[in-house]
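Undergrad: Could you look at this predicted model? Sequence included:
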Amino acid sequence: MRITGGVAKGLQLKFPAKSQIRPSTDRVREAIFSILASLVGGWSRVLDLYAGTGALGIEALSRDADWADFVDQQPRCCAIIKQNLEKAGFGQKSHVYCCSVSKALAFLDSSYDIIFLDPPYSDATIGDFLVQLDNSKCMKDESLVVIPHASRSPLAESYGRLHSIKERRHGDTCISIYCREVVS
């Protein structure tokens with residue numbers, strides 16, 4: 001697994017051996033950032049939920065994000081994210097929270113431009129997290145939520161005020177992007 005673009009392009013990331021995590025492939029990450037580049041000119045702050053190896057957030061940092069917060073509840077994953085951040089030279093532009101996504105959404109009080117939500121494909125509670133995310137301080141009207149998920153498990157068109165704006169399929173993975181409906 002390597003970084004696909006930006007200043008850290010080609011950097012090999014550490015991956016936990018014998019792990020249950022399923023990191024987004026290089027091809028899927030390239031597709032995600034290609035879609036994001038067509039939707040927004042840039043992003044300053046990113047949040048990587050269910051971060052695993054930290055690949056999505058590190059990819060964003062490599063592509064000029066100013067800051068990234070990472071959330072994973074597995075201590076082994078948190079340690080690997082920190083190692084990958086240091087290896088990429090992004091330790092001073094990030095923070096790793098080793099806790100559940102629900103807990104993090106309850107205490108994080110910064111808003112983000114891009115929020116990656118990459119839970120296990122078998123997680124049936126993704127809709128609940130999207131509603132919780134919509135009601136958190138992490139969201140602002142311009143925030144985009146990026147969700148790689150199994151193609152066989154489609155997501156709804158909306159969750160609370162979050163509405164699907166783009167969906168792309170790459171093999172067994174579907175990339176869904178949501179934004180908040182702006183009420184005038």
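TA: All right, it came through fine. Numbering: from 1, shown residues only.

Undergrad: From Val101, how far out is the residue positioned nearest the centre of the chain?
TA: Closest to where the C-alpha atoms of the chain average out (Cα atoms, centre = their mean) is Phe116, at 1.9 Å. Phe116 is 11 Å from Val101, where distance means Cβ to Cβ, to the nearest Å. Placement of C-beta: from N, CA and C, glycine included.

Undergrad: shared neighbours of these two, anything?
TA: Shared contacts of Phe116 and Val101, defined by Cβ atoms under 8 Å, 6 or more residues apart in numbering, comprise Leu49.

Undergrad: circling back to that earlier point, what sits against the closest residue to the residue nearest to the centre of the chain other than its chain neighbours?
TA: Residue nearest to Phe116 in three dimensions, not counting chain neighbours: Leu56, with 4.3 Å by Cβ to Cβ, 6 or more residues apart in numbering. Counting by Cβ under 8 Å, 6+ apart, Leu56 touches Ser24, Arg29, Ile32, Asp48, Phe116, Asp118, Val146.

Undergrad: out of these, which is most surrounded?
TA: Within the contacts of Leu56, neighbour counts (other Cβ atoms under 10 Å) peak at Asp48, which reaches 30 neighbours.

Undergrad: hang on, that residue in a strand?
TA: Yes - using DSSP: H, G, I helix; E, B strand; the rest coil, the secondary structure at Asp48 is a strand.

Undergrad: what's the closest non-adjacent residue to it?
TA: Nearest one to Asp48, counting by Cβ to Cβ, 6+ apart, is Gly57 at 3.4 Å.

Undergrad: and if you look at Gly127?
TA: Here the residue nearest Gly127, using Cβ to Cβ, 6+ apart, is Tyr159, at 5.4 Å.

Undergrad: can you count the residues close to the one you found?
TA: 20.

Undergrad: Let me know whether Glu181 touches Tyr159 as I believe.
TA: No - applying Cβ atoms under 8 Å, one finds Glu181 not in contact with Tyr159, separated by 10.7 Å.

Undergrad: What segments of the chain are helices?
TA: 26-39, 55-62, 75-88, 101-107, 126-134 (DSSP state H).

Undergrad: okay, Gly41: pLDDT?
TA: On the pLDDT scale, Gly41 is placed at 73.

Undergrad: Report the contact partners of the residue nearest to Gly127.
TA: Gly127, Leu130, Val131, Asp134, Tyr178.

Undergrad: How about the contacts made by the second one?
TA: Leu130 makes contact with Leu117, Val145, Ile147, Tyr159, Gly160, Leu162, Tyr178, according to Cβ under 8 Å, 6+ apart.
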